[in-house]
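Colleague: how does the following fold in three dimensions:
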Amino acid sequence: MFGAKCRQDEAFFPSVAVVVPVYNEEEVVRAKIENILALDYPADKLSVWIGSDCSTDATHDIVRKLASPRVSLWIAGKRGGKTEVLNHLVPRLSADVILFTDANTMHKTDCLRKMVRSYADPRVGAVAGLIRHRSTNPELGEVMYRSFECGQNTTSPCCTARSRLSAGFIPCAGVCFGPCRLTPTQTTTF
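Modeller: The predicted structure follows:
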């Protein structure tokens, strides 16, 4: 289905769990959560899951102080990296769609509405987001990596659930910013 047209519905609002893997993100985690909660999306359909890889700074305290019933904090028992955080956190979620995003990636208020409208088509298993880098002092390696990853994402606006998710990987949705649909019986590892 790469490059194929998929049915979109502007009035389609599945439940969405936003997953943010973190490690020592005290400088951005509050702004990140506030950014997600400010998205133009029904509040009763949106939850935020912060998955910490044993952060040693003030990340946990900042998340707890936000005290929103829509924000949950999960802390790994031991350091294992982003992949381990995702592998332990995702099975705990019950949302129709999971949006993966990094702590330092901020979103336009309409991005989630635009991305989930494609899930009205049952053939769609993942949708990629477009990231534009804005920084006065960018770290060259991060910018180059994300630019490559985003370039890959923009070549595939829709993926079929059958051909992509059942294969155990999501090539069109980078973990820095991209949602995927999970079925209730599906097991996904990264």
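
Colleague: how about the nearest residue to Arg117, chain neighbours excluded?
Modeller: Distances taken as Cβ to Cβ, 6 or more residues apart in numbering put Gln8 closest to Arg117, at 4.3 Å, once the chain neighbours are dropped. Backbone N, C-alpha and C define where each C-beta goes, glycine included.

Colleague: sheet partners, orientation included, of the helix or strand harbouring Gly51?
Modeller: Using DSSP states H and E, Gly51 maps to strand 46-52. Using DSSP bridges, the strands paired with strand 46-52 are strand 16-22 (parallel), strand 71-75 (parallel).

Colleague: related to what we said a few turns ago, now do the residue nearest to Arg117 against Ser72, distance only.
Modeller: 30 Å (Cβ to Cβ, to the nearest Å).

Colleague: so what's Val71 bridging to?
Modeller: Going by DSSP bridges, Val71 forms beta bridges with Val48.

Colleague: count the neighbours of it for me.
Modeller: The tally of other residues near Val71 (other Cβ atoms under 10 Å) stands at 18.

Colleague: any stretches of the chain with poor pLDDT?
Modeller: 1-3, 129, 131-179, 181-190 (pLDDT under 70).

Colleague: what ranges does it have for its strands?
Modeller: With DSSP state E as the criterion, the chain has strands at 16-22, 46-52, 71-75, 97-101, 124-126, 159-160, 177-181.
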